[in-house]
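**Q** no sequence for this one, just the structure:
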């Protein structure tokens, strides 16, 4: 844009991003939330990675050496990996353009705009500048929408540095933040007093992309460089050097028995009804989650444990739970009255993306009859952040009627207080998913009553629902027909009970326990399994007729009950109740339930639409020339995805979970396709 390298163009700052795999934050008295009007966009057009690493032993991250010229270092492609339990693998990525050191910088903040290709969490940012005088340096992170830097500051840090060092001297500041995939951010550095003229020195290389077109950017591992700016204005012809450091993941995350842990109040009705802790995935499956808490007053503390994706939010680490992206739900869990400190364990066994941030949400909002209690947390205002890659966030109900309403609100956090929920989260490798047990113990009630639980019941990522019935029901532990364990039954004659996974994926049914409902009369139960891809299997059994007081009887299903979309059985005379359903997840979704998959590209915007019979909350991955973006289906099985910054070229669109559903959009001049 400019013909000469004058001081007005000297905006760029060399920055270092240090990545972690952990989380933190919490509360003593939880304030009401602030509203947020942030609008999210998903620009995702990308080119192949250009990952360049030190190959001569001068590894950045080990003391942050001054930059050397291209003649002094060889570069190659690849990932150096991580060595040792907490080692950092650092990539310095540079497009090979000419660079120079500049003394006439001016006083505006100097920034770089990036597009995030995959979720990353940092614990430090560094940039290179030689200081001719002692300077307070402030780094800030803001969102970029289109090519406009937003005013809201998502995170910032300030540190004083003494005079000294050349233009390639790294200045490192601690800052905790989670960058979300598909989002654009501006990372800026400001000097106080200002950078000035002939006082300080910055190192910059030639690069110009004033419209922040992703096609013209280049990748540095998890991020794509779009352009640099001065005071939030892009269009300069120079760009900073980056150093990208990936922190070794912490697995398992176990914050339960640390010095200073305490019971964080107050959780449940009618106080703060949503607590959440973010964690960074360190392997392919989230296999175990544990939380602990106590009952304080009223009824048992009732809550669901939900695993969600992350969305952009101001404050803290820049992320909050995304209730449009619920990955898994446990069904009701409880901290019982009179039970003391109670630990609750669930086994989601869901696939996750390594390095991506997820939230463990404790949801009492969905249980209006919940009592009040506490949740175990790490030390409030402790000397150290026990899990620097994540944080504890929370929010109070104001006028929200559904979980999705909280996506429009700003969550509070305890980042400054070094507080996390004292959770345990275990990530495992790509092994076959383990079997889970739906045991209904969360529905236990110590009385002689018959209690209805509504049309559906969710547990361990599965859903029991009735078809043509009134309600799913349990007996209290003091009832005469209680079968020595809390069991569920369909409380309507001849109504059908259906078992399925909440996300619509397939599963194997391994075993189930049954008991008579009304007395010592053998009860026939006929099961029909519906196979993914079509076809049915049948298994018919009869209970022993000893009556419910003599307990439940175990039935094992034949090995034909695999790869099922759902199982149905009727409540026929003389009737039955069921318990301890053993199931095993089958990875994937039922692709036969996807009816419509259409894509249209015009004026740089790709619109994808899916209409299906899949349940609400199902997440599909739509790839655009191999670049993924996630679509979450609504309650009607419909989903829409808009992706900006698309080039006027052919685009191959694929539903990753159902690769047969594919089509090609010829160009971005209004062309469409259906697959």
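**A** That came through fine. All figures in this text were calculated on a predicted structure; none of them were measured in a lab.
**Q** wait, what's in contact with residue 340?
**A** Residue 340 sits next to residue 294 when contact means C-beta atoms under 8 Å, 6 or more residues apart in numbering. All C-beta atoms are positioned from the backbone trio N, CA, C, and that covers glycine.
**Q** which stretches in the stretch 251-400 of the chain count as helices?
**A** Here the stretch 251-400 of the chain has no helices by DSSP state H, counting those that start in this stretch.
**Q** now it, which segments are flagged as low pLDDT?
**A** Where the stretch 251-400 of the chain drops to pLDDT under 70, the residues are 315.
**Q** repeat that for the chain.
**A** Judged by pLDDT under 70, the chain has its weakly predicted residues at 1-97, 221, 239-248, 315, 430-435, 587-589, 616-617.
**Q** which strand in it has the most residues?
**A** Secondary structure of the chain read by DSSP state E shows that its longest strand is strand 319-335.
**Q** next, the buried residues of that strand.
**A** Across strand 319-335, burial judged by 16 or more other C-beta atoms under 10 Å covers 319-335.
**Q** one more: stretch 421-441?
**A** So, applying 16+ other C-beta under 10 Å, buried residues of stretch 421-441: 421-428, 433, 436-440.
**Q** one more: stretch 510-527?
**A** 510, 512-517, 523, 525, 527.
**Q** now the two most distant members of those residues.
**A** Spanning the widest gap among the buried residues of stretch 510-527 are 510 and 517, at 23.4 Å by C-beta to C-beta.
**Q** about what we covered before: of the buried residues of stretch 421-441, which belong to strands?
**A** 424-428, 436-438.
**Q** and which of these is nearest residue 306?
**A** Nearest to residue 306 among those, with distances taken as C-beta to C-beta, is residue 425, at 13.6 Å.
**Q** ok, now which ones touch the closest one?
**A** Contacts for residue 425 (C-beta under 8 Å, 6+ apart) come out as 252-254, 279, 286, 288-290, 360.
**Q** same question for residue 348.
**A** Going by C-beta under 8 Å, 6+ apart, residue 348 touches 286-289, 307, 327-328, 330, 460-461.
**Q** could you measure from residue 334 over to residue 373?
**A** 9 Å (C-beta to C-beta, to the nearest Å).
**Q** which residues are in contact with each of those two?
**A** residue 301.
**Q** so residue 149 is in which element?
**A** Taking DSSP states H and E as the criterion, residue 149 maps to strand 148-161.
**Q** verify the stated contact: residue 171 with residue 126.
**A** Yes: contact criterion C-beta atoms under 8 Å: residue 171 and residue 126 qualify, at 6.0 Å.
**Q** doesn't residue 407 fall inside a strand?
**A** No: assessed with DSSP: H, G, I helix; E, B strand; the rest coil, residue 407 is helix; it does not lie in a strand.
**Q** so what's the residue count around it?
**A** Residue 407 sits with 19 neighbouring residues when counted by other C-beta atoms under 10 Å.
**Q** same question, residue 386
**A** Residues near residue 386, counting by other C-beta under 10 Å, number 22.
**Q** what's near enough to touch it?
**A** Here residue 386 is in contact with 24, 255, 258, 378-379, 418, 420 (criterion: C-beta under 8 Å, 6+ apart).
**Q** next: residue 369.
**A** 269, 299, 302.
**Q** would you format those residues as CSV with distance to residue 547 and neighbour count included?
**A** Output for these, formatted as CSV (distance: C-beta to C-beta, whole Å; neighbours: other C-beta atoms under 10 Å):
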residue, distance to residue 547, neighbour count
269, 38, 21
299, 32, 16
302, 31, 22
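**Q** turn the residues you listed into CSV, columns for distance to residue 465.
**A** Formatted as CSV, these follow (distance: C-beta to C-beta, whole Å):
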residue, distance to residue 465
269, 26
299, 25
302, 20
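**Q** which non-adjacent residue is nearest residue 119?
**A** Nearest residue to residue 119 in three dimensions, chain neighbours excluded: residue 356, at 3.9 Å (C-beta to C-beta, 6 or more residues apart in numbering).
**Q** what does residue 666 give?
**A** Nearest in space to residue 666, with sequence neighbours left out and distances taken as C-beta to C-beta, 6+ apart, is residue 650 at 5.7 Å.
**Q** and for residue 648?
**A** Of all residues not flanking residue 648 in the chain, residue 668 sits nearest, at 4.5 Å (C-beta to C-beta, 6+ apart).
**Q** try residue 610
**A** Nearest residue to residue 610, sequence neighbours excluded (C-beta to C-beta, 6+ apart): residue 639, at 4.6 Å.
**Q** with residue 662 instead?
**A** Counting by C-beta to C-beta, 6+ apart, the residue nearest residue 662 is residue 654, at 4.4 Å.
**Q** what are the buried residues along the helix or strand harbouring that neighbour?
**A** According to DSSP H and E, residue 654 maps onto strand 651-655. Within strand 651-655, the residues scored as buried using 16+ other C-beta under 10 Å are 651, 653-655.
**Q** what's the answer for stretch 566-586, then?
**A** 566-571, 575-583, 585-586.
**Q** what's the end-to-end length of that stretch?
**A** Taking C-alpha to C-alpha, to the nearest Å as the measure, stretch 566-586 stretches 12 Å from start to finish.
**Q** just the ones of the buried residues of stretch 510-527 in strands?
**A** Counting by DSSP E, these place 510, 512-516, 525, 527 in strands.
**Q** how close does the residue lying closest to residue 626 once chain neighbours are set aside sit to residue 642?
**A** Distances taken as C-beta to C-beta, 6+ apart place residue 652 nearest to residue 626, at 7.8 Å, with adjacent residues excluded. Note on residue 652: its distance to residue 642, by C-beta to C-beta, is 18 Å.
**Q** circling back to that earlier point, from the buried residues of stretch 510-527, which is closest to residue 234?
**A** For those, the closest approach to residue 234 (C-beta to C-beta) belongs to residue 510, at 57.5 Å.
**Q** settle this for me: the closest one is touching residue 585, isn't it.
**A** No: contact criterion C-beta under 8 Å: residue 510 and residue 585 do not qualify, at 11.5 Å.
**Q** for residue 478, give its distance to residue 488.
**A** 18 Å.
**Q** those two: which is more packed in?
**A** Neighbour count, other C-beta under 10 Å: between residue 478 and residue 488, residue 488 has more, with 21 against 11.
**Q** so who does that one touch?
**A** Here residue 488 is in contact with 440, 443, 453, 457, 464, 472-474, 577-579 (C-beta under 8 Å, 6+ apart).
**Q** tell me which of those residues fall in strands.
**A** Among the contacts of residue 488, the members falling in strands (DSSP E) are 457, 464, 472-474, 577-579.
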